[in-house]
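In: Okay, here's the prediction I keep looking at, along with the sequence it came from:
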Amino acid sequence: MKILLTNDDGVHAPGLEVLEAIAREFSDDIWICAPDEEQSGMGHALTLTRPIRLRRHSERRFSVTGTPTDAVTMGLRKVVDARPDLILSGVNRGANLGDDVTYSGTVSAAIEGALAGVRSIALSQVTAREGEAGADTFEAARAWGAKVIAPLLHTPLPARTLVNVNFPALPAKAVRGIRAVRQGFHDYARGTVVEGRDPRGFKYYWFGLEAIEHTLDHGTDLEAISDGFISVTPLQLDLTHHSSLADLAERYAG
């Protein structure tokens, strides 16, 4: 099985090392194409206004001067010697839960894989305090990653569908199991805008994230993580709100 690995934390990120170890439980035909630096929050951005550079680090390890979407595109078209059977994105340092998937470079890399018709899985490790990492940050992902991926290798998935996996911020032995759940939604308007001044006296603005209180709907990824489970969520790329179509069609008829 040929596997392409990518992420949004950069080619030297510790989570990518964890992902490679997980992938090698399934295959030795592993290829890596990831951004050359952190691209968190880039979503499904595609670089169009400047050239992309591809750097080779070793025989099957490459990086690009671009986004996670760029990395998958280059991986499929210029790096891997034949079409991969699987794309794995991650392991992200931090959660990608609920509506945050729309911002996530990790999830968007898997989206690009799904668009190309390749089975694609995004994996993220929730941290005790989001954005922080320690020696045991990826313990749950490292221990449970292969157990989560194995059933997904042969599960029938419709076209343009990907799978989003999140591991709770717990020691491996404390993880209660795996839940297949739907995407949840956060209770808040996103973050704050922090204003400051640089050393030259000019204003700058920095988006901040504050602690979030959730109303945990039953059967969601947010609830599963809160309960100590790994969340597994199938995501589709069809964003159409189908139940509204008939009403809109009537309003524009005739």
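Out: That came in fine, so what should we check first?
In: what's the nearest residue to residue 195 if we skip its chain neighbours?
Out: Leaving aside its chain neighbours, residue 195 sits nearest to residue 205 (5.7 Å; criterion: Cβ to Cβ, 6 or more residues apart in numbering). Glycine gets a C-beta too; all of them are placed from N, C-alpha and C.
In: Likewise for residue 165?
Out: Once flanking residues are discounted, residue 165 sits nearest to residue 123: 4.7 Å by Cβ to Cβ, 6+ apart.
In: export the one helix or strand that neighbour maps to as CSV, just CAs?
Out: Per DSSP states H and E, residue 123 falls inside strand 119-125. Output of strand 119-125 as CSV, limited to C-alpha atoms (Å, rounded to 0.1, in the frame of the first residue of the first chain):
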residue,chain,number,x,y,z
ARG,A,119,-9.0,7.8,0.6
SER,A,120,-8.0,10.5,3.0
ILE,A,121,-7.9,10.7,6.8
ALA,A,122,-7.1,13.8,9.0
LEU,A,123,-5.7,13.1,12.5
SER,A,124,-5.4,15.6,15.3
GLN,A,125,-4.2,15.3,18.9
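In: Which neighbouring elements make contact with that strand?
Out: helix 14-23, strand 86-93, helix 105-115, helix 139-152, strand 161-167 (3 or more Cβ pairs under 8 Å, 6 or more residues apart in numbering; DSSP states H and E).
In: rerun that using 7 Å as the cut-off
Out: Where contact means 3 or more Cβ pairs under 7 Å, 6 or more residues apart in numbering; DSSP states H and E, strand 119-125 is packed against strand 86-93, helix 105-115, helix 139-152, strand 161-167.
In: mind listing the strands in this protein by residue range?
Out: Assigned by DSSP state E, the chain shows strands spanning 2-6, 29-35, 54-58, 61-64, 86-93, 119-125, 161-167, 178-180, 192-197, 203-208, 230-236.
In: Indicate which one of those is closest to residue 41.
Out: Ranking the strands of the chain by distance to residue 41, with Cβ to Cβ as the measure, places strand 203-208 first at 8.6 Å.
In: quick check: mean pLDDT across the closest one?
Out: The pLDDT scores in strand 203-208 average 86.
In: switch to numbering from 9
Out: Right, with 9 as the first residue, what we last looked at is strand 211-216.
In: and the gap between residue 150 and residue 28?
Out: 11 Å (Cβ to Cβ, to the nearest Å).
In: out of these two, which sits in the busier spot?
Out: residue 150 (20 against 16; other Cβ atoms under 10 Å).
In: who touches the more buried one in this structure?
Out: By Cβ atoms under 7 Å, 6 or more residues apart in numbering, residue 150 lies in contact with 26, 29.
In: So which of the helices and strands packed on strand 127-133 is the most surrounded?
Out: Per residue and on average, the most neighbours among the helices and strands packed on strand 127-133 fall to strand 94-101, with a mean of 29 (mean count of other Cβ atoms under 10 Å).
In: what about it, average pLDDT?
Out: 97.
In: okay, the angle between it and strand 127-133?
Out: Interaxial angle, strand 94-101 versus strand 127-133 (axes from the mean of the first three to the mean of the last three Cα atoms, to 10 degrees): 10 degrees.
In: Many thanks, have a good one.
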